[in-house]
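Trainee: Sequence first, then the predicted structure:
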Amino acid sequence: MLRTLPSLDWLRVLQALLGIALFLIADSVGAQVRPVAEAASTGQGEFRQISNRTVNAIPGAEANALAEIKNDESRVGPGDLLDITVFEAPEMNRTLRVSASGEISMELLGAVKASGLTPRELESALRDRLRRTYMKDPHVGVFVRELESHPVSVVGAVKKPGVFQIQGTKTVLEMLSMAEGPAEDAGESVLIMRGAAFSGANDSSSPEASQESNGKIDAVNLWSLMESRNAALNLPVYPGDIVKVTSAELVYVVGEVKKPGGFALKNNQSISLLQALALAEGLTHTAATGQARIVRTDPRTGQRVEIPVNLGRILANKSSDPGLQPKDIFFIPNSSAKSAFYRGAESAVSMATGVAIYKW
C-alpha cells in the first residue's frame, strides 16, 4: 500500500527539480553566448580605440581647415558695404559702409574699427562690445554686401581690361580669365606689380601680401604659363596688385600689298619677309618687286637704315628669304611702268566697251 506524501513535500520536490533544470539550461546557453560576448567585447574595445584615434585626429584637421579658411577669408576695408545683424535687437540692424579711416558707426556702440578684420573677427568685436554694455549673450552677423577695397587692375593686351574686386587670393590665370584672356597682340610677358592691399599698410589681406607690397615686380612668360602644367608659374595675386600683359612687337608691311598694316610677333617669334608678305595677303599688280626695301631703326642710335631687297628674286627662289626684326618696315613701292600699262589697258577696255554700247 503506497504512502501518500503531504502536499507540501510534493511542492518541495517540484521546486528542486525545476531548479536543477534551470541550472542546466543556463549553463548550456552561457557556453554558447560566452564566445559571442567575448567577441563583442573585443570589437567594442577596437571600436573604442578607433573612435579615440578619430576624435584625436579631428582637432588637428579642423584647426588646419579653419586656418586655411581664415587665411583665404577676405578682410574688410575702406569702402566696403556691410550688412550688420543683431539677432536679439532687430532695431539695431544696419547696412553700413566702411569709412576711409576704416571704421563703422553704430548706435549705442559708436565708432568700431572694421578695416583689416575678417567678417568673423568683426562679429566677435561687436559681440564683445555689446556684451560689455547692453546684452548678456548677443549674436551678431556680418555680411559683406559690396566689396570695394580689394581691387586688382588687369591692363595691357587683354580683351577686357579693368579693375576687378577679388575675395582672398587669386592667381594670374584667374585674373586673366576675368579679363577674358589675352588679346591678339599679346606679347610674351605678364608683369605682376605688387601694391598695398588697401589704405592702411598694417591691414593687408594676407601676410604674403604685406611682405610683397613694396613695389616689387614679378614676371612670368605668358605662353609658358598657358601651355605648362607647372603650378609654380601661376603666381598668386593679392588685392592692390596690377597685372599687366605686355604687347607683342610689330612688323609693318606697307606699299603695294593687298592688306597693309602692322602684324604682331606673338611670343616675339621671328618672321621672314615672305611670311610677312603672306600676312599682308600678297602683292598688287603694280608692285615694283625689284625696288622693295626694309626700313630698320638702329636701337642704339635711333637712326633709320634702308636695306634693299630684290623681292622678285626671293619669289623666284633665287635669293634667301631674310628675316624681319621687331619694328621693321617692309616697303614695296609702286611700279610706274606697270601702273601706266594697267591704266592704258583699262582705258582701252573702257573705250571698247563704250563703242560697243554705242553701236548696239
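Mentor: Looks like it came in fine.
Trainee: Mind pulling the model confidence for V155?
Mentor: pLDDT, the model's per-residue confidence, is 95 for V155.
Trainee: List the residues that contact the residue lying closest to E107 once chain neighbours are set aside.
Mentor: Beyond its immediate neighbours in the sequence, the residue positioned closest to E107 (C-beta to C-beta, 6 or more residues apart in numbering) is M92, lying 6.4 Å away. No exception for glycine: its C-beta is placed from N, CA and C like everyone else's. M92 sits next to I84, V86, M106, E107, L108 when contact means C-beta atoms under 8 Å, 6 or more residues apart in numbering.
Trainee: V253 now?
Mentor: Listed by C-beta under 8 Å, 6+ apart, the contact partners of V253 are P260, G261, F263, A276, L277, L279, A280, I329, F330, I332.
Trainee: wait, which of those residues is closest to P239?
Mentor: Nearest to P239 among these, counting by C-beta to C-beta, is F263 at 37.4 Å.
Trainee: on that earlier part again, would you mind listing which of the contacts of M92 are buried?
Mentor: Neighbour counting over those (16 or more other C-beta atoms under 10 Å) leaves I84, V86, M106 as the buried ones.
Trainee: which intervals of the stretch 151-300 of the chain have sub-threshold pLDDT?
Mentor: Scanning the stretch 151-300 of the chain for pLDDT under 70 picks out 196-214, 267-268.
Trainee: Tabulate the CA atom coordinates of stretch 251-259 in PDB.
Mentor: As requested, the backbone C-alpha atoms of stretch 251-259 are provided in PDB (Å, rounded to 0.1, in the frame of the first residue of the first chain):
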ATOM      1  CA  VAL A 251      56.500  94.400 -88.000                       C
ATOM      2  CA  TYR A 252      54.900  96.600 -90.700                       C
ATOM      3  CA  VAL A 253      54.200  95.800 -94.300                       C
ATOM      4  CA  VAL A 254      53.200  98.900 -96.400                       C
ATOM      5  CA  GLY A 255      53.000  99.900-100.000                       C
ATOM      6  CA  GLU A 256      51.800  97.800-102.900                       C
ATOM      7  CA  VAL A 257      50.200  95.000-100.900                       C
ATOM      8  CA  LYS A 258      46.500  94.000-100.500                       C
ATOM      9  CA  LYS A 259      46.400  94.400 -96.800                       C
END
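Trainee: in that stretch, what counts as buried?
Mentor: Per 16+ other C-beta under 10 Å, stretch 251-259 contains these buried residues: V251, Y252, V253, G255, E256, V257.
Trainee: Which pair in the residues you listed has the greatest spatial separation?
Mentor: By the measure C-beta to C-beta, V251 and E256 form the most distant pair in the buried residues of stretch 251-259, at 16.9 Å.
Trainee: returning to that earlier point: can you flag which of the contacts of V253 belong to helices?
Mentor: Among these, the members found in helices (DSSP state H) are A276, L277, L279.
Trainee: what's near enough to touch the second one?
Mentor: Meaning L277. Applying C-beta under 8 Å, 6+ apart to L277 gives the contacts V253, V257, L283, L311, F330.
Trainee: I'd like these as CSV, with secondary structure and distance to L147 appended.
Mentor: As requested, the contacts of L277 are exported to CSV (DSSP: H, G, I helix; E, B strand; the rest coil; distance: C-beta to C-beta, whole Å):
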residue, secondary structure, distance to L147
V253, strand, 47
V257, strand, 50
L283, strand, 56
L311, helix, 58
F330, strand, 50
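Trainee: Show me the domain layout of this protein.
Mentor: Dividing the chain into domains by automatic domain parsing, as the record does, gives the ranges 81-146, 151-247, 249-338.
Trainee: which one of those domains is the most hemmed in?
Mentor: By mean neighbour count, with neighbours taken as mean count of other C-beta atoms under 10 Å, domain 151-247 ranks first of the domains of the chain at a mean of 17.
Trainee: That one spans what distance, first to last residue?
Mentor: As for domain 151-247, its first-to-last residue distance stands at 23 Å under the measure C-alpha to C-alpha, to the nearest Å.
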